[in-house]
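Chemist: Have a look at this prediction, sequence included:
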Amino acid sequence: MPISREISEALDRLSNGNPQPNDLEIVRAAITAGDISIGRDMNQSILVRGDNNQVSLNFDLSPEILQNLLQKPVIDTKPGDLPPGSYLPFPRNRLFTGRVADIEKLSQALLNGEQAGAVINQTITGMGGLGKTQLAVEFAYRFGYQFKGVHWLDMREVQTLESQIALCGMKMTLPNFPPTQPEQVEATKYEWVTNGPRLLILDNFEDYDAANVVLGALQHSNLKLLITSRHTNWATGLGLNHLPLDEFSPQESVEFLRKYIPPEREDESDPERLAEHLGHLPLALELAGRYLEKQPRLKIDAYLAQTQKALEHRSMQNWKVEQKSLTGHDLSLAQTFAQSWELVKGETAQRLFITLGYCAPNTPIPQEILDAALGENADACDDCLSELSGLGLLKEGISIHPLLAEYARGFDEEFKNLTSFSENLAILASQTNRDADQKGNYSLFTPILFHVRSAAEYAETAELEPAGTLWNEIGYHVKYLADYIGAKAAYERALKIDEAAFGPDHPKVAIRVNNLGSVLQALGDHAGAKAAFERALKIDEAVFGPDHPNVAIRVWWLGVMARDEGETIKAKEYLERALRIFQKSLPPEHPNIKNVQSYLESL
């Protein structure tokens, strides 16, 4: 379309040397808006280009007027503003909460540091829902005024990089902007490096194999790169300053939820419990807050009951999808996690992730547990951990977020992974307790305790046979820590599971009953303990006969209890019977023989 009459007349007056007071402003505004651009061809004439329009004029402008026209107006950019010509397709989030230390670290890296740029990762490396893009956007609005421009590049598809750069150039309304993409890219990059510094946000950069090419193309001291990514596997040689992004702190979580749930609606402890339930994950808190805000009669207590399986609740599944995220991201936790999960290619790594979903969340997972999870593929552990942590599915450390653990368990519908894991874990727990006994160091069990307990819960729910052994080993350990109440609860669960699995008269049941009797004795319930020991003895005598070593153990316990109650004669009968059985079936130096002899000598 042709240029407007107002612009044409202003150009005429400028060329004739008779400008009106506002002619320069009219033409300069047209240049800034991209309606026209001015340059010289080989004949030194002035070219005025409009939209699909090129007008070649036969007059010249004086150098002073031309320089005045091409001089960009000075705009006072303040904190919260983006410099003219910036491109950031997201508004500022007025509910942005916390992240004070993270913002400061970004400021140091990008405004004061000498690094080529900063990469925003998170401690749960690559985990979705932590607000990586949101943090980058907030930084841009807070500190964008200190740059000549802020430019957002969507890196989900690396092959679109040049078109992304060209788009930024169009948003800058550069004069004489070329019509074809290759020249547009060069013109944009030239403006960036000659008129800096510039903040370039490379959002969702997941193809780290392309990092050399991409960062090489954007390498310049005037270009400050802020990368958001699920990956941590960035080569050290790239010179990026890594910023691990963690979940909200408890204080930040409550502060964030209070923007949706006012204090007069819920007590202070209720948002705290909700935040803990959702693992302080910003996206989960946002989804919960949105939902509760629109459900004013729904109490947090009731919502917690509804979200025992959080990923299945409608608040976490694109509820009211029309109310989109400010950054355009999914409002579904499962879909967010799936973006990382779909990148896990190794079958062994997939199996490890699913299995670790049965571990205690947010708790360091020791090597023994990892080996139990991998079974015969334990040699592949390091490669699997690298792949999973590199995608943010495991935290550095190694541990797993509670919502990711729930997501992982969802892939084990028939409990195939849980079955093999609980079997291996039962062997590990039993061996660890034996090692602790031999070394007198019961702290050996501590690193695996919470994971054994977690797996025992799931195995019991799935009615898997190893559940009884897992609870038995937990009871054995905590009893030696003098947690008799905890030991009693664990032994009772083990007994209930094994009675259901094997029947009331099975040798395994005898073991569980005997162990329960031992903790009842420690708690002072002598009648209960005696009944338990006698039941265990009756089972083993029926199964193994009267002279089996298992029978000797049951008789031994009855003897110790009789001794403690002052029944010396009965204690001597029990202990002498136990000794006779041991001497028939065990070598003379066996510790059981020595221990029973010691008890007899103490009578």
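Modeler: Thanks, I have it. Numbering: from 1, shown residues only.
Chemist: Now stretch 292-299 - C-alpha only, CSV.
Modeler: Only the C-alpha atoms of stretch 292-299 are listed here, as CSV (Å, rounded to 0.1, in the frame of the first residue of the first chain):
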residue,chain,number,x,y,z
LEU,A,292,-9.6,-24.3,45.6
GLU,A,293,-10.1,-20.6,44.6
LYS,A,294,-13.0,-21.7,42.3
GLN,A,295,-14.4,-24.1,45.0
PRO,A,296,-14.9,-21.8,48.0
ARG,A,297,-16.9,-24.3,50.0
LEU,A,298,-14.2,-27.0,49.6
LYS,A,299,-12.0,-27.3,52.6
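Chemist: quick one: contacts of it?
Modeler: Contact with stretch 292-299 is made by Tyr260, Ile261, Arg265, Glu266, Asp270, Ile300, Tyr303, Lys320, as judged by CB atoms under 8 Å, 6 or more residues apart in numbering. Placement of C-beta: from N, CA and C, glycine included.
Chemist: With pLDDT and secondary structure as extra columns, can I get those in TSV?
Modeler: Listed next are the contacts of stretch 292-299 as TSV, based on pLDDT from 0 to 100; DSSP: H, G, I helix; E, B strand; the rest coil:
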residue	pLDDT	secondary structure
Tyr260	88	coil
Ile261	87	coil
Arg265	82	coil
Glu266	74	coil
Asp270	88	helix
Ile300	91	helix
Tyr303	92	helix
Lys320	59	coil
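Chemist: Mark which of those are buried, thanks.
Modeler: Tyr260, Ile261, Glu266, Asp270, Ile300, Tyr303 (16 or more other CB atoms under 10 Å).
Chemist: which residues touch the first one?
Modeler: Spelled out, it's Tyr260. By CB under 8 Å, 6+ apart, the contact list for Tyr260 reads Gly289, Arg290, Leu292, Glu293.
Chemist: residues near Ala372, how many?
Modeler: Neighbour count of Ala372, defined by other CB atoms under 10 Å: 26.
Chemist: how close does it get to His220?
Modeler: According to CB to CB, to the nearest Å, Ala372 stands 50 Å off from His220.
Chemist: How about Leu558?
Modeler: Per CB to CB, Leu558 is found 84 Å from His220.
Chemist: Which pair of the contacts of stretch 292-299 spans the longest distance?
Modeler: Asp270 and Lys320 (22.8 Å; CB to CB).
Chemist: Flag the helix or strand of the protein with the lowest per-element mean pLDDT.
Modeler: Using mean pLDDT, DSSP states H and E, strand 53-56 stands out as the lowest-scoring helix or strand of the chain, at a mean of 41.
Chemist: Quick check: the spatially closest residue to Thr160 that is not a sequence neighbour vs Glu601, distance?
Modeler: In this structure, Thr160 finds its nearest non-sequential neighbour in Asp154, 7.2 Å apart by CB to CB, 6 or more residues apart in numbering. To Glu601, Asp154 is 82 Å away according to CB to CB.
Chemist: and the two? which has more neighbours close in?
Modeler: Between Asp154 and Glu601, counting by other CB under 10 Å, Asp154 is the more crowded of the two (17 against 8).
Chemist: backbone phi and psi for Asp154, please?
Modeler: Dihedral pair for Asp154: phi -80, psi 110, per degrees, to the nearest 10.
Chemist: swap that for Val150, sorry
Modeler: According to degrees, to the nearest 10, Val150 has phi -120, psi 130.
Chemist: go on, Ile227?
Modeler: Backbone torsions of Ile227, given as degrees, to the nearest 10, read phi -110, psi 130.
Chemist: Is it in contact with Asn204, as I believe?
Modeler: No - counting by CB atoms under 8 Å, Asn204 is not a contact partner of Ile227; they are 9.3 Å apart.
Chemist: Redo the contacts of stretch 292-299 as TSV? Include distance to Gly475.
Modeler: Shown next, in TSV, are these (distance: CB to CB, whole Å):
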residue	distance to Gly475
Tyr260	43
Ile261	41
Arg265	43
Glu266	38
Asp270	34
Ile300	35
Tyr303	35
Lys320	48
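Chemist: And those, which is closest to Leu385?
Modeler: Tyr303 (35.0 Å).
Chemist: So what's the residue count around the nearest residue to that closest one once chain neighbours are set aside?
Modeler: Using CB to CB, 6+ apart and skipping residues adjacent in sequence, the residue nearest Tyr303 is Leu292, 6.3 Å away. As a burial measure, Leu292 scores 21 neighbours (other CB under 10 Å).
Chemist: How about Pro364?
Modeler: Counted with other CB under 10 Å, the neighbours of Pro364 add up to 14.
Chemist: what does Leu495 give?
Modeler: 23.
Chemist: before we move on, what SS does it have?
Modeler: helix (DSSP: H, G, I helix; E, B strand; the rest coil).
Chemist: contacting residues for the residue lying closest to it once chain neighbours are set aside?
Modeler: Leaving aside its sequence neighbours, Leu495 sits nearest to Arg512 (CB to CB, 6+ apart; 4.1 Å). Shown in contact with Arg512 (CB under 8 Å, 6+ apart): Gly468, Asn472, Tyr491, Ala494, Leu495, Asp498, Glu499.
Chemist: give me the element the second one is part of.
Modeler: According to DSSP states H and E, Asn472 maps onto helix 466-480.
Chemist: helices or strands up against that helix?
Modeler: With contacts defined as 3 or more CB pairs under 8 Å, 6 or more residues apart in numbering; DSSP states H and E, helix 466-480 has these neighbours: helix 416-439, helix 446-461, helix 484-502, helix 507-522.
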